[in-house]
Structures are given as structure tokens and as C-alpha cells.
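Asker: here is a sequence with its predicted model. Questions after.
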Amino acid sequence: MVDHLYYTLQLADNALVIGHRLGEWCGHGPVLEQDIAITNMALDHIGQARSLYQHAAKLFNELPQDEKANQFQSVALSLKISNGDALEEDDLPYLRDVWDYRNVLLTEQPNGHWGNTIARSFFYDIFQQLYYTELQKSSDEQLAAIAEKSLKEVAYHVRWSSEWVIRLGDGTAESKKKIQTAINDIWSYTGELFNVSEAEQAMIDKGIAVDTASIKDKWLQRVNEILNEATLTLPEDNWMHEGGKNTQHSEHLGYILAELQYVQRAYPNMEW
């Protein structure tokens, strides 16, 4: 049951963190149409995160009492648990600290310039579409339903980021240089998408999670198809960062949570 919780949090944290990153573009997009588009995609990810956190809270509340106390390192969350209170959807994103988050490092990388954001979304969007397609087969009916509901949104994300990669790669000399550099820089964070955490493996064995090995070749094929059309290439260096799935993060996540959790930290338990 604990592995089921950790795996669900892994999916939820991915959605929340990349949604927050895209949301940082609100009011700063290069043109109004794209400003609105990227803000709407941020909301798509946040919506997915909400559904997943609701499910994760339910899984936690179903744990035996003796297992609940040691699941999170956050003092605020541990205090609520020790009081015997049930967890709610908002507790998981707002009361956990950095070392309780399980998102991949790719999602927390800074926006940088427009090309950096496009490259990050491009790699993640194609992965998510393939992953959620397979997640529809999960024996966890709630996760399967979330995946099915999200796929229409994800299909648009893939089309949007792919079209931007082509537009920048096959555009001016300056745009081509910037998107190629962005792809080179982001590439080393993509390997973790296919690394399997201990919780993930336990859920694969139970038919709940997706075996990422089954979609890696398809992901590479689709990535290369778009890059070829954009006259871009993948780096030859295959060294990859890892650690996010096992709660080891870059310095960037701390800054994200400081902003994301500010109101809750400043005014605990405040309600509208």
C-alpha cells in the first residue's frame, strides 16, 4: 500500500511541478496567443495533479495507523498525522517539504528563455502521452480514469511543443542555435523518465504502473522524427541526471515550493 502511495505521488508531483513552471510564463509569453496557450496547459497539468493528489490522500488515509507516522519528513504534515487527522488533497502539495517530493528532475528545471521551456515540454509531453496511453490499462481504476481523461489535453501539449520545436529549428539561424542548445542542455534530464523507482517496480509487478521500458523506443522514435523535421539532432552524450523519483532534487525545487507554499506557510489552515 505504501508503494502505491509513493507511485501516485510520483505522478502527482510531476504534474504539479511542471504545471507550476509553465504557469510562471503567465503574462510573459512572447505573444498574447502563446501566453494564453501555455497558461492553459499549465492549468491542464494542475488539474491532473489535483485528481492524483485526491487519490493519494485516499490511499494514505487507508493505511494502517502504525504505518502513517513515518511516511513524510515534513514537520507540519507529521504534526497533522500525529493528531489523527485525515489528509486532504491540499495537504500533499502544500505541507510536504522538498525531501518528500518525487517528481523527476526534468520538470523542475528553470524556464530559461522560450527555447528552453519548449525543449523541456517537448521531451516531457511525448513521454506523458505514451505513458498515459498505457496507464489506461492500470488495474487501479482511478489512475486509469485519470489517464484516460487527461489524454486529450496531453495530445494538444504534444502537438503544441512539437510544432514549436519545428518552428524554431527550421526558422532563423538564431532560433535554430537557441533551440539546439536548449535540447542539448535538457537532454541529460530525460533519462530519469525511464528509470524505475522501487515503488514504481512494485506497482509494475502488480499491474498498476507502466513499465517504461515498453515505451522508451517509441519515445525515441517520435522525438527523432520531430527533430529530423526541425533539422535538429540529439546529443551523443548519454550521461543522465537522476534522483528526483527517490526524493533527491536540484536546488530549483526549493525555490518552486517557497513560492507555491508561501500563503499556506504564512497563514496556516487559512480558508477562503
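Answerer: Perfect, thanks for sending it. Note that this is a predicted model, so its numbers are computed, not measured.
Asker: as a quick check, tell me the outermost residue of this protein.
Answerer: In the chain, counting by Cα atoms, centre = their mean, residue 173 sits farthest out from the average C-alpha position, at 31.4 Å.
Asker: quick check: next helix or strand after the helix or strand of the chain with the lowest mean pLDDT?
Answerer: The weakest-scoring helix or strand in the chain, judged by mean pLDDT, DSSP states H and E, is helix 65-68 (a mean of 86). Sequence order places helix 75-82 as the next helix or strand after helix 65-68, per DSSP states H and E.
Asker: which SSE is immediately downstream of that next one?
Answerer: Later in the chain than helix 75-82, the nearest helix or strand by DSSP H and E is helix 91-95.
Asker: from the chain's centre, how far out does the helix or strand just after that following helix sit?
Answerer: Per DSSP H and E, the first helix or strand lying C-terminal to helix 91-95 is helix 105-108. Offset of helix 105-108 from its chain centre (Cα atoms, centre = their mean, to the nearest Å): 7 Å.
Asker: helices of the stretch 151-272 of the chain, start to end?
Answerer: For the stretch 151-272 of the chain, the helices defined by DSSP state H, counting those that start in this stretch occupy 173-187, 198-205, 216-229, 252-260, 262-266.
Asker: only the buried residues of the first one, if you could.
Answerer: The reference is to helix 173-187. 176, 178-180, 182-183, 185-187 (16 or more other Cβ atoms under 10 Å). (C-beta placed from N, C-alpha, C; glycine too.)
Asker: may I see those arranged in JSON lines, with distance to residue 239 as well?
Answerer: Formatted as JSON lines, the buried residues of helix 173-187 follow (distance: Cβ to Cβ, whole Å):
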{"residue": "176", "distance to residue 239": "25"}
{"residue": "178", "distance to residue 239": "23"}
{"residue": "179", "distance to residue 239": "21"}
{"residue": "180", "distance to residue 239": "18"}
{"residue": "182", "distance to residue 239": "18"}
{"residue": "183", "distance to residue 239": "15"}
{"residue": "185", "distance to residue 239": "13"}
{"residue": "186", "distance to residue 239": "14"}
{"residue": "187", "distance to residue 239": "10"}
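Asker: residue ranges with poor pLDDT in the protein?
Answerer: Across the chain, the ranges flagged by pLDDT under 70 are 272.
Asker: residue 250: how many residues sit nearby?
Answerer: The tally of other residues near residue 250 (other Cβ atoms under 10 Å) stands at 16.
Asker: ditto for residue 238
Answerer: Neighbour count for residue 238, taken as other Cβ under 10 Å: 10.
Asker: so who does it touch?
Answerer: Residue 238 is in contact with residue 191, counting by Cβ atoms under 8 Å, 6 or more residues apart in numbering.
Asker: residue 128 now?
Answerer: 154, 157.
Asker: for it, give me phi and psi.
Answerer: phi -60, psi -40 (degrees, to the nearest 10).
Asker: same check on residue 87?
Answerer: Dihedral pair for residue 87: phi -80, psi 150, per degrees, to the nearest 10.
Asker: contacts only, for residue 237.
Answerer: Each residue near residue 237 by Cβ under 8 Å, 6+ apart is listed here: 187-188.
Asker: and residue 37, how far from residue 164?
Answerer: As judged by Cβ to Cβ, to the nearest Å, residue 37 and residue 164 stand 10 Å apart.
Asker: these two: which is more packed in?
Answerer: Using other Cβ under 10 Å, the more surrounded residue of residue 37 and residue 164 is residue 164, with 22 against 18.
Asker: I figured that one hits residue 117, correct?
Answerer: No. With contact defined as Cβ atoms under 8 Å, residue 164 does not count as touching residue 117 (9.1 Å).
Asker: can you report phi and psi for residue 42?
Answerer: phi -60, psi -40.
Asker: number of nearby residues for the residue lying closest to residue 242 once chain neighbours are set aside?
Answerer: Spatially, and ignoring its direct neighbours in sequence, residue 242 is nearest to residue 192 (4.6 Å; Cβ to Cβ, 6 or more residues apart in numbering). Neighbourhood size, residue 192 [other Cβ under 10 Å]: 20.
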